[in-house]
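1. what follows is a protein structure lacking sequence information:
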């Protein structure tokens, strides 16, 4: 599936992120995306709608009013971190992604899937998660933004950069910033490398995360 054309300063994209705590930690992924877009001169109209611990199935019952109240170009769907991994949850993940994708298209927006990441100490998770996201994306005709693959890349190449909190699941500030950089690269169609917004992170760390984000969206996006 093709994404909408990259934004311009005169016509910034209108993006709604739908998810749970993986999206709202560290003042929200939408905040960091907006700052990156502002730093690049494109701008963005971005909002966030989340449920703590929420699943895509729960969002099928909660998000309709939010979709109707706004005028969106893109709606990002971030499922529960086990939704695409636990065999007992995968069926619900798939069916809910289909329902939500139809709801989103009905308001004139494009659905996008937010691939989540493996837990700390469980790197084997990403193979299953990535495969399920790509297969589900193909089934519902929605593009997949490979945040989980960017986490995998940074964990392998820069293990000193902590992307997950002490609970081994939720993102640190660096993790949220990395995710925002991946979305920026995918939606804006340009590299975030060199942007001066670092979310308060060390400049060298931010540059490494920017680079990993760009590499991840340009790698082969198949299971």
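-> Great, that's in hand. For clarity, every value in this text was computed on a predicted model and none was experimentally measured.
2. and stretch 128-138, how far out from the chain middle?
-> Remark: stretch 128-138 is offset 14 Å from the chain centroid, using CA atoms, centre = their mean, to the nearest Å.
3. if the residue nearest to the spatial centre of the chain is in a bridge, with which residues?
-> What sits nearest the mean C-alpha location of the chain, by CA atoms, centre = their mean, is residue 114, with 3.8 Å. Residues in a beta bridge with residue 114, per DSSP bridges, are residue 145.
4. in this structure, which spans are helices?
-> Counting by DSSP state H, the chain has helices at residues 21-24, 29-40, 56-59, 64-69, 90-106, 125-140, 147-157, 173-188, 203-218.
5. which one of these has the poorest average confidence?
-> Ranked by mean pLDDT, these bottom out at helix 64-69, with a mean of 92.
6. show me what counts as buried in that helix.
-> By neighbour count with 16 or more other CB atoms under 10 Å, helix 64-69 contains the buried residues 66, 67. C-beta: built from backbone N, CA, C; applies to glycine.
7. with stretch 51-71 instead?
-> 51, 54, 55, 56, 57, 59, 60, 63, 66, 67, 70.
8. quick check, nearest of these to residue 190?
-> Distance to residue 190 across these (CB to CB) is lowest for residue 70, with 25.1 Å.
9. pretty sure that closest one contacts residue 18?
-> No. In this structure, residue 70 is not within contact of residue 18 by CB atoms under 8 Å, at 11.4 Å.
10. what is in contact with those two at once?
-> Contact criterion CB atoms under 8 Å, 6 or more residues apart in numbering; residues shared by residue 70 and residue 18: none found.
11. contact partners of stretch 155-166?
-> Contact with stretch 155-166 is made by 25, 117, 119-120, 123, 151, 154, 170-172, 174-175, 178, 205, 208-209, 212, as judged by CB under 8 Å, 6+ apart.
12. just the buried members of those?
-> By 16+ other CB under 10 Å, the contacts of stretch 155-166 give 25, 117, 119-120, 151, 154, 170-172, 174-175, 178, 205, 208-209, 212 as buried.
13. list the contacts of stretch 117-124.
-> 81, 125-126, 129, 147-148, 151-152, 155, 163-164, 168-169, 175.
14. please state the offset of that stretch from the chain centre?
-> 17 Å.
15. ok, stretch 114-122 next?
-> 12 Å.
16. check stretch 138-156 too.
-> On CA atoms, centre = their mean, the centre of stretch 138-156 falls 8 Å from that of its chain.
17. hang on, the earlier thing: and the helices of the chain: which comes nearest residue 75?
-> helix 90-106 (4.5 Å).
18. buried residues in that closest one, which are they?
-> 90, 92, 93, 94, 96, 97, 98, 99, 100, 101, 103, 104.
19. so which of those residues comes closest to residue 37?
-> residue 104 (21.0 Å).
20. I figured residue 60 hits residue 96, correct?
-> Yes. Using CB under 8 Å, residue 60 makes contact with residue 96 at a distance of 5.4 Å.
21. tally of neighbours for the closest residue to residue 142 other than its chain neighbours?
-> In space, and not counting its chain neighbours, residue 142 is closest to residue 111: 4.3 Å by CB to CB, 6 or more residues apart in numbering. For residue 111, the neighbour count with other CB atoms under 10 Å is 23.
22. stretch 49-64: end-to-end distance?
-> Criterion CA to CA, to the nearest Å; first-to-last residue distance in stretch 49-64 is 11 Å.
23. how far off centre is it?
-> The answer for stretch 49-64 is 15 Å, by CA atoms, centre = their mean.
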